[in-house]
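> okay, sequence plus prediction incoming.
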Amino acid sequence: MTKINKKRKIKYGVIAVIIIFAMIAPGVYKFIDIPSGGKRKEDNILGSSSFLSEVDVDEPSYSFYAWNESYIVCRVHNAPYANFTLDGQVYNVSYGMNYIPINFLVNKSYLLTFEEEDISADVFDWFVVEPLLIDYGYVEVNPVTPTEINFNAAGLVSFFIRWNHTKQNDFTYDDLYIEYDGTAINEIRGDWDDTFDVDPLIVSLFRFDGSYIQYDIFMKPGDHTIELKGNGTICYKLVVSGDWDKDGISNAEEVQKAYKSPFYDPFNPLAWGFFEKGSNYRWILDPEDEYGVFSFSIPESLESQFLSIELISGSIKNVEVDSDSFTFQGKEFYSSFFDNSKVIHYGMVSTGEHFIRYDYTEDCVIFIKFYLNGVEIVQFSEDELMDKDCDGLPDSQEQFSGADKLSGDTDGDNLLDG
């Protein structure tokens, strides 16, 4: 058997595994029969020289053009606190790195002003206005001549790459070579004829829990270059770190998890939740596990949502929503895998924190899901929500934002990272 045929068998085997994984993974979402939320936005227009990049803030005012979902990224030193004004609105910042999400709804000229005393004291080390999605596209790469991606950026930026699944490629992770501003960040593992070829999708799924291979790079303000060598067509994205839509899920995590659901989107807020007791799927009834509790959060950036419960298998009773035991008083709900699932409509719930409590009624398989406006609520595990330093920022988000998950005040500004 030729090496190419071996590689194709490995690739097709991987695709089959991934299809099965997608069918059974807890992140496969669907709709139920009620009106869904708003339409998803189109990709925003990418950055250009119209955005602002100042490495030495020595003027009282600056004007610039900007549009769509963006970030103000600045580094403050020589003072614990400072402020600036953007089109008449005052923004307060603190010592260290500051990432301020902002939506420039209109493509026009904006005015940025600074206090004279802050300029004299050189309080702002640098100041940048840049789009959330800095750049994206497809590039053809080869093993000999590097392919360049040129862009302007600052702060912590995530660089995502994946093979273009719409084209036939012989691209493997071992073939990939990446340089950032002249420094190698991914070395070729060896001669692909003599080593086992690793499909890049396997690397991204098991290392990053997503469809992209990810590199988090802290960038100083200015022009940068990423050089790629490989074999085939590569899709890439450059995204600013943080949580632009303020839904508690980082930009990087939403890009990675988009393969699970199209509603993972750094531009649009997403409701999410977790089981305080029990789980959405149980094989048998534990005598000590007589009830389940599911807590969920609706971001302030969303409007009120219509809550529904889908019971796919099992039997529950005494359903309460935020201590409302009256709506389903005296009602028991039953469903079987062999029948259509039972959809329990509750009604509108406002933004903020909520919980659902229910009792199990018999020793049977329980399979339950929760929906807002017809979209399944994203479920996180205990590990994903862990916050070792108790600063209000989960360890997973600290990893992507550049903060220290073991220090509640990474930049030493006397404010918790969260």
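The structure has been received and is ready for your questions.

> looking at this, residue 118 is in a helix?
Yes. Checked against DSSP: H, G, I helix; E, B strand; the rest coil, residue 118 lies within a helix.

> so it versus residue 59, what's the distance?
As for residue 118, its distance to residue 59 is 12 Å (criterion: CB to CB, to the nearest Å). Backbone N, C-alpha and C define where each C-beta goes, glycine included.

> between the two, which is the more surrounded one?
Taking other CB atoms under 10 Å, residue 118 and residue 59 do not tie; residue 118 has more neighbours (19 against 11).

> who touches that one in this structure?
By CB atoms under 8 Å, 6 or more residues apart in numbering, the contact set of residue 118 is 79, 82, 83, 84, 124.

> 10 Å instead, please
By CB atoms under 10 Å, 6 or more residues apart in numbering, residue 118 lies in contact with 57, 60, 76, 78, 79, 81, 82, 83, 84, 124.

> ok, now residue 104?
Residue 104 neighbours (CB under 10 Å, 6+ apart): 44, 51, 64-70, 86-87, 110, 129, 131.

> cool, residue 76 as well?
82, 93-98, 118, 123-127, 411, 413.

> wait, a strand at residue 225?
Yes. Per three-state DSSP, residue 225 lies within a strand segment.

> is it in contact with residue 153, as I believe?
No. Between residue 225 and residue 153 there is no contact under CB atoms under 10 Å: 11.1 Å.

> so which of these two has more stuff around it?
Between residue 225 and residue 153, residue 153 has the larger neighbour count (other CB under 10 Å), namely 26 against 13.

> what segments of the stretch 1-150 of the chain are helices?
Counting by DSSP state H, counting those that start in this stretch, the stretch 1-150 of the chain has helices at residues 3-24, 116-120.

> worst mean pLDDT among these?
The minimum mean pLDDT among the helices of the stretch 1-150 of the chain belongs to helix 3-24 (a mean of 40).

> and residue 344, what element?
Using DSSP states H and E, residue 344 sits in strand 342-349.

> which strands and helices sit next to that strand?
Contact partners of strand 342-349 among helices and strands, from 3 or more CB pairs under 10 Å, 6 or more residues apart in numbering; DSSP states H and E: strand 305-321, strand 332-335, strand 352-360, strand 366-372.

> hey, which of these is tucked in deepest?
Counting by mean count of other CB atoms under 10 Å, strand 366-372 has the highest mean neighbour count of these, with a mean of 23.

> okay, domains of this structure per the record?
Split into domains by automatic domain parsing, the chain comes to 53-131, 134-259, 272-379.

> nearest approach to residue 266 belongs to which of these?
Using CB to CB as the measure, domain 134-259 is the one of these that comes nearest residue 266, at 4.0 Å.

> quickly list what residue 82 is bridged to.
Beta-bridge pairing for residue 82 (DSSP bridges): residue 93.

> thought residue 279 was touching residue 289?
Yes. The pair residue 279 and residue 289 passes the contact test of CB under 10 Å, sitting 9.3 Å apart.

> for the protein, which spans come out with low pLDDT?
In the predicted model, the chain carries pLDDT under 70 at residues 1-49, 165-174, 187-204, 206-208, 282-288, 363, 382-418.

> let's see that with 50 instead.
Along the chain, the parts satisfying pLDDT under 50 run over 1-49, 190-196, 388, 400.

> quick one: residue 254 is in a helix?
Yes. Looking at residue 254 with three-state DSSP, it is inside a helix.

> what's near enough to touch it?
Per CB under 10 Å, 6+ apart, neighbours of residue 254: 210, 239, 243-245, 247, 261, 263-270, 378.

> and the gap between it and residue 298?
16 Å.

> flag every buried residue along the strand or helix carrying residue 154.
Per DSSP H and E: residue 154 is located in strand 147-163. By 16 or more other CB atoms under 10 Å, the buried positions in strand 147-163 come out as 149, 151-163.

> convert the C-alpha atoms of it to CSV, please.
The C-alpha coordinates for strand 147-163 follow below in CSV (Å, rounded to 0.1, in the frame of the first residue of the first chain):
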residue,chain,number,x,y,z
THR,A,147,3.3,32.2,2.9
GLU,A,148,3.0,35.6,4.7
ILE,A,149,0.1,37.0,6.6
ASN,A,150,0.6,40.7,7.4
PHE,A,151,-1.5,42.6,9.9
ASN,A,152,-1.6,45.3,12.5
ALA,A,153,-2.5,44.3,16.1
ALA,A,154,-1.7,44.8,19.8
GLY,A,155,-2.4,43.0,23.1
LEU,A,156,-3.2,39.3,23.5
VAL,A,157,-4.3,37.9,20.2
SER,A,158,-5.3,34.3,19.4
PHE,A,159,-4.2,32.9,16.1
PHE,A,160,-6.4,30.1,14.8
ILE,A,161,-5.6,27.7,11.9
ARG,A,162,-7.2,24.7,10.5
TRP,A,163,-7.1,22.7,7.2
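
> note down every partner strand of it and its orientation.
By DSSP bridges, strand 147-163 pairs with strand 213-229 (antiparallel), strand 232-240 (antiparallel).

> and the ones you listed: which comes nearest residue 344?
Closest to residue 344 of the strands paired with strand 147-163, according to CB to CB: strand 232-240, at 37.7 Å.

> convert the closest one to PDB, retaining C-alpha atoms only.
Taking Å, rounded to 0.1, in the frame of the first residue of the first chain, the C-alpha atoms of strand 232-240 are listed here in PDB:
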ATOM      1  CA  GLY A 232      -2.400  22.400   1.200                       C
ATOM      2  CA  THR A 233      -5.000  25.100   2.000                       C
ATOM      3  CA  ILE A 234      -5.200  26.600   5.500                       C
ATOM      4  CA  CYS A 235      -8.100  28.600   7.000                       C
ATOM      5  CA  TYR A 236      -6.900  31.200   9.600                       C
ATOM      6  CA  LYS A 237      -8.400  33.700  12.000                       C
ATOM      7  CA  LEU A 238      -6.800  36.400  14.200                       C
ATOM      8  CA  VAL A 239      -9.000  37.400  17.200                       C
ATOM      9  CA  VAL A 240      -8.400  39.700  20.100                       C
END
